[in-house]
Every structure is written in C-alpha cells, then in structure tokens.
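# okay, here's the prediction I keep looking at, along with the sequence it came from:
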Amino acid sequence: MLNIVAAPALKKTFADLALLGEETRCELIRGEILPEAAPTFEHSGAQTALIMWLARFAASQSRERRPGGWWIGTEVHVGYASHDVFCHDVAGWRRTAYPARPTGWPVLVRPDWVCEVLSPGHRRRDRVEKLETSHAAGVPHYWLVDHDEKILQVYRHEPAGYLLVTSCGTGETIRAEPFEGCELRTGVIFGDEDDEP
C-alpha cells in the first residue's frame, strides 16, 4: 500500500503579505496570513481613548503636564521576522532612541511599547503568539486591554518572559510604565469616565 504524506505547508513571508497591498487588513503571524479582527465599537472606543490619553506623550519635548518623548501610532504594521508582521492596535517608539519618526511598510524598527485591545476570536493571537514574538524581539513593554473584563494588564520585558507588573480594573488610577509621567484613570479606556482635557 502506497503511503502518501502531505508536504508541510510553506510558511508565508512578508513578500506574500505585500502582494495584498499596504491597505490590507491582514497580519502575518508565524507564517500564516490572517485577517485582522473587525473592531467592535468597544474595541474602537478603547483604542481611541488610549490615543487621546497618549497624545500628551507624543510631543517632541517636555512641557508642563505633557512628558513628551514618544512617537505613537495606531494600526502600524511592524515587521519582526520574515514570518511575523503584526498590525498592533497602538505602538510607541521613544524619540531618544529614534529621533526620526519610524517609517515604511512594515516599520522595521522595534517598538518600545505595544498595546493590543483584545477582540473576540483573536484573543489567543494577542495573549500568546504576538506576546511571545514581541518578547523574543525585545519589546520592553506590552499592554493588553480586555474590554469585556474591563482589565488593563501591563507587562515588562524580563529575560525569562514578560513579567505582569500590574493588572487593574475600571475605576482605578495608576501610573503605568513606561508612561509613569501621567496618571491614567482606567475607566477612561473602558468608556466609564472622561479624560481630563
């Protein structure tokens, strides 16, 4: 009897993703091209609230109540390896390390901080594959926003893996690394309260 073994599927690379064009709503995760989650209003709201709060860090220089010093972007495709190109919900690069704004598609400069807002059906990607790849690439800070549970988890890079520095729910006020320069009321992320102007 002839025993036929199927050849393993070849891993996709950035070249395959590029064929879809820069406007693609896909990511390359461990060699597989996968569609991004269709954002819910809650997902979009959390992302928008974070961007509004992070605007104070996006200044080129320090000002009163505005620490500055970051390039902040949303939905930026970042290339980590030939088989991994992630579209992070929010990502940041320190201006001290990168005086010029990171450019290109994908950006090939490792972020100093990333944040993923968990989406139904895509939670494993953010909690496992993206987290592990980000750690291997040396991303210093990784945040997870769980809108369903109303929890923000803040992770710091350690040699053995990411260390959960804090896990907080709505209604708490924290100074979360790497943005300790301003207080964050977690209820703002979940739409439970308004940010200060």
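Alright, I've got the coordinates.
# grab the nearest non-local neighbour of Ala58.
Ile72 (4.7 Å; C-beta to C-beta, 6 or more residues apart in numbering). C-beta coordinates here come from the backbone N, C-alpha and C atoms, glycine included.
# what sits against that neighbour?
Ile72 is in contact with Ile51, Leu54, Ala55, Phe57, Ala58, Val90, Ala91, Gly92, counting by C-beta atoms under 8 Å, 6 or more residues apart in numbering.
# tell me the buried residues within those residues.
Buried subset of these (neighbour count, 16 or more other C-beta atoms under 10 Å): Leu54, Phe57, Ala58, Val90, Ala91, Gly92.
# so which of those comes closest to Phe41?
Nearest to Phe41 among the buried ones among the contacts of Ile72: Val90, at 17.1 Å, using C-beta to C-beta.
# other SSEs contacting whichever strand or helix holds the closest one?
Element membership for Val90 (DSSP states H and E) is strand 84-94. When contacts are defined as 3 or more C-beta pairs under 8 Å, 6 or more residues apart in numbering; DSSP states H and E, strand 84-94 sits against strand 26-29, helix 41-54, strand 70-81, strand 113-117, helix 130-137.
# let's see it at 6 Å
strand 26-29, strand 70-81, strand 113-117 (3 or more C-beta pairs under 6 Å, 6 or more residues apart in numbering; DSSP states H and E).
# would a markdown table of those with distance to Leu184 and mean pLDDT be doable?
Output for these, formatted as a markdown table (distance: least, C-beta to C-beta, whole Å; pLDDT from 0 to 100):
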| stretch | distance to Leu184 | mean pLDDT |
| --- | --- | --- |
| strand 26-29 | 27 | 93 |
| strand 70-81 | 14 | 93 |
| strand 113-117 | 12 | 96 |
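# hang on, the earlier thing: and which of the contacts of Ile72 is nearest to Ile151?
Val90 (16.6 Å).
# show residues contacting the lowest-mean-pLDDT helix or strand in the chain.
Scoring the helices and strands of the chain by mean pLDDT, DSSP states H and E places helix 123-124 at the bottom, with a mean of 86. Residues from elsewhere that reach helix 123-124 (C-beta atoms under 6 Å, 6 or more residues apart in numbering): none.
# do stretch 131-149 as well
Under C-beta under 6 Å, 6+ apart, the answer for stretch 131-149 is 42, 46, 80, 84, 110-118, 152-155, 157, 162, 178.
# quick one on the thing from earlier: so which of the helices and strands packed on strand 84-94 gets nearest Thr103?
strand 70-81 (10.1 Å).
# that's a helix at Glu22, yeah?
No - using DSSP: H, G, I helix; E, B strand; the rest coil, the secondary structure at Glu22 is coil, not a helix.
# OK, contacts around it?
Glu22 neighbours (C-beta under 6 Å, 6+ apart): Trp105.
# rewinding a little: between strand 70-81 and the strand holding Val90, find me the angle.
Strand 84-94 and strand 70-81 are oriented at 150 degrees to each other (axes from the mean of the first three to the mean of the last three C-alpha atoms, to 10 degrees).
# next one: strand 84-94 to chain centre, how far?
Distance of strand 84-94 from its chain centroid, counting by C-alpha atoms, centre = their mean, to the nearest Å, is 5 Å.
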